[in-house]
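# Structure of the sequence below:
(chains A and B)
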Amino acid sequence: EDKVVQSPLSLVVHEGDTVTLNCSYEVTNFRSLLWYKQEKKAPTFLFMLTSSGIEKKSGRLSSILDKKELFSILNITATQTGDSAVYLCASISEYGNKLVFGAGTILRVKS
Amino acid sequence: GAGVSQSPRYKVAKRGQDVALRCDPISGHVSLFWYQQALGQGPEFLTYFQNEAQLDKSGLPSDRFFAERPEGSVSTLKIQRTQQEDSAVYLCASSLALGEGGNEQFFGPGTRLTVL
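Below you'll find the predicted structure:
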C-alpha cells in the first residue's frame, strides 16, 4: 500500500525564519510528488515534482525531489504570518490518478 | 466557473439520515475526484471519474457511499444512513487529465459534514 509520511507534524516559528518541511514516500510505480497549502478548507496547489534534483521555486517557496532516497523537502524563507497553514504532501503513481496524502505539517508563524 | 465549487459548505445530519453532497468541477475538466478528510489528517481518496465513467471507487468506505456523475460534469456524493464516523470534510477535485498519471488537481472548498 502506498504511503506518504510528513515531518514534523507541527512547527512554530517567528516571522523571518526559514523552515524546511519533509516528506518521504513509499509508492509503487511512483510518478510525481505534489505539495499543497491548506488554509481553512481547499488545498491550493504549490508544486508538482517529477524529476529528481531539479528545484522548483515560487517566490519564497522552493521544493526539490530525491527519487533515490524517496523524499522531498519544501523550503520557505523569510516566513510571514500568512504562511501559517497546513502543508500537505501527496504522491501520484504512474498507473493511477488518485493522490495519496501525508497527514500534513501544521505551520504557525508568529509575529 | 473560476474554480471548483461545492455545496453545501456545511451539513449537519442526524444519525441514520441520508445526505447528498454536490461538486461543480472546473468547466472542461475531464477528471473528478472525491476525498474524505478527517480532522487532523490528510485527505483520503474515495472515488474517481473520467467524464461520466466511474473508473475507481476503491476508496469508498462502505456500500452506504455512492457517487455519480451522469453527464460528465457535476457530481454528487451520496451517503445513506449516515453514521458518526462519517463526520469529516468531503473534498472534490478536478483536473484536465485524460489518461493516467499525474496532472494538477484543483480542489474545491469542501463540505463539512457533522453527524450527530
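# pLDDT at whatever residue of chain A ends up closest to chain B, what is it?
Nearest residue of chain A to chain B (C-beta to the nearest C-beta) works out as residue A:101 at 3.2 Å. Every C-beta, even on glycine, is put in place using the N, C-alpha and C of the backbone. pLDDT for residue A:101: 96.
# Check residue B:2 too.
Looking at residue B:2, the pLDDT reads 78.
# residue ranges with poor pLDDT in chain B?
B:1, B:97-102 (pLDDT under 70).
# Closest residue of it to chain A?
Counting by C-beta to the nearest C-beta, chain B gets nearest chain A through residue B:42, at 3.2 Å.
# show me what contacts that residue?
A:4, A:6, A:88, A:90, A:101-104 (C-beta atoms under 8 Å, 6 or more residues apart in numbering or on different chains).
# So which of those residues are in strands?
A:4, A:6, A:88, A:90, A:101 (DSSP state E).
# Around chain B, pick out the residues from chain A.
A:4, A:6, A:31-32, A:34, A:36, A:40-45, A:48, A:50, A:88, A:90, A:92-104 (C-beta under 8 Å from any C-beta of the partner chain).
# Please list only the buried members of these.
Neighbour-count burial (16 or more other C-beta atoms under 10 Å in any protein chain shown) applied to those gives A:4, A:6, A:31-32, A:34, A:36, A:41-43, A:48, A:50, A:88, A:90, A:92-93, A:96-104.
# buried stuff in stretch B:76-91?
For stretch B:76-91, using 16+ other C-beta under 10 Å, the buried residues are B:77, B:79, B:82, B:86-91.
# now, the most widely separated pair of those residues?
Greatest spacing in the buried residues of stretch B:76-91, by C-beta to C-beta: B:82 and B:91 (17.6 Å).
# still on that earlier bit, from the buried residues of stretch B:76-91, list the ones also adjacent to chain A.
B:89, B:91.
# Get me the contact residues on chain B for chain A.
Going by C-beta under 8 Å from any C-beta, the residues of chain B near chain A are B:4, B:31, B:33, B:35, B:40-45, B:48, B:56, B:59, B:89, B:91, B:93, B:95, B:97, B:100-110, B:112.
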